[in-house]
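Engineer: sequence and predicted structure below; questions after.
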Amino acid sequence: MELMYRRSLGPVVGAFLTGLRDRRLLASRTTGGRVICPALEYDPDSGDAVEAELVEVGPAGTVTGWTWVDEPLRKHPADAPFAWALVQLDGADTAMVHALAAEGPDAVRTGMRVVPRWADERTGHITDLAGFVPAEEGA
């Protein structure tokens, strides 16, 4: 089933996506000081608006959880096996889910360091961040 819809971005998510276009990972800071990435307009715990100014995080991060995809589907971000990973970027208090390219499930582990892999052409969309790769590959 596919649900088609449009969403207006607003100043926070719009700035997050503009950051991706510019190869920057931006996060929002709650009034309580938590750093949330990807950036959100409101603190998911309190419902309060976040601070107006976004903060840069990463670019490296740590895998906090993952699952392996042996047979990618048509809508997946890769046509070869990959992992969906929860990545907590350096400086962030939350993790974001994204694709992780690895040689196989034995090459992925919780706690591993990863770096972003950027799309060659970036337009201000989540796919500007093509995914993550193990830190030693991205260095």
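Structural biologist: All right, it came through fine. Just so we're clear, the structure is a prediction, and the values are computed from it rather than from any experiment. Numbering: from 1, shown residues only.
Engineer: CA only for contacts and neighbour counts going forward, please
Structural biologist: Noted.
Engineer: pretty sure residue 14 sits in a strand.
Structural biologist: No - counting by DSSP: H, G, I helix; E, B strand; the rest coil, one finds residue 14 to be helix, located in no strand.
Engineer: count the neighbours of it for me.
Structural biologist: For residue 14, the count of nearby residues is 15 (other Cα atoms under 10 Å).
Engineer: please name the residues that touch it.
Structural biologist: Contact partners of residue 14, counting by Cα atoms under 8 Å, 6 or more residues apart in numbering, are absent.
Engineer: quick one: pLDDT of it?
Structural biologist: The model reports residue 14 with a pLDDT of 89.
Engineer: one more: residue 77?
Structural biologist: The predicted structure scores residue 77 at 85 on the pLDDT scale.
Engineer: ok, now the one 10 residues further on?
Structural biologist: Confidence per residue is given as pLDDT, and for residue 87 that number is 98.
Engineer: wait, it touches residue 95, no?
Structural biologist: Yes - using Cα atoms under 8 Å, residue 87 makes contact with residue 95 at a distance of 4.9 Å.
Engineer: the two: which is more packed in?
Structural biologist: Counting neighbours by other Cα under 10 Å for residue 87 and for residue 95 shows that residue 87 has the greater number, 29 against 20.
Engineer: secondary structure element holding the more buried one?
Structural biologist: For residue 87, the enclosing helix or strand under DSSP states H and E is strand 82-89.
Engineer: what is that strand packed up against?
Structural biologist: With contacts defined as 3 or more Cα pairs under 8 Å, 6 or more residues apart in numbering; DSSP states H and E, strand 82-89 has these neighbours: strand 61-69, strand 96-100.
Engineer: now tabulate those in CSV and tack on distance to residue 36.
Structural biologist: Formatted as CSV, the entries for those read as follows, by distance: least, Cα to Cα, whole Å:
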stretch, distance to residue 36
strand 61-69, 14
strand 96-100, 9
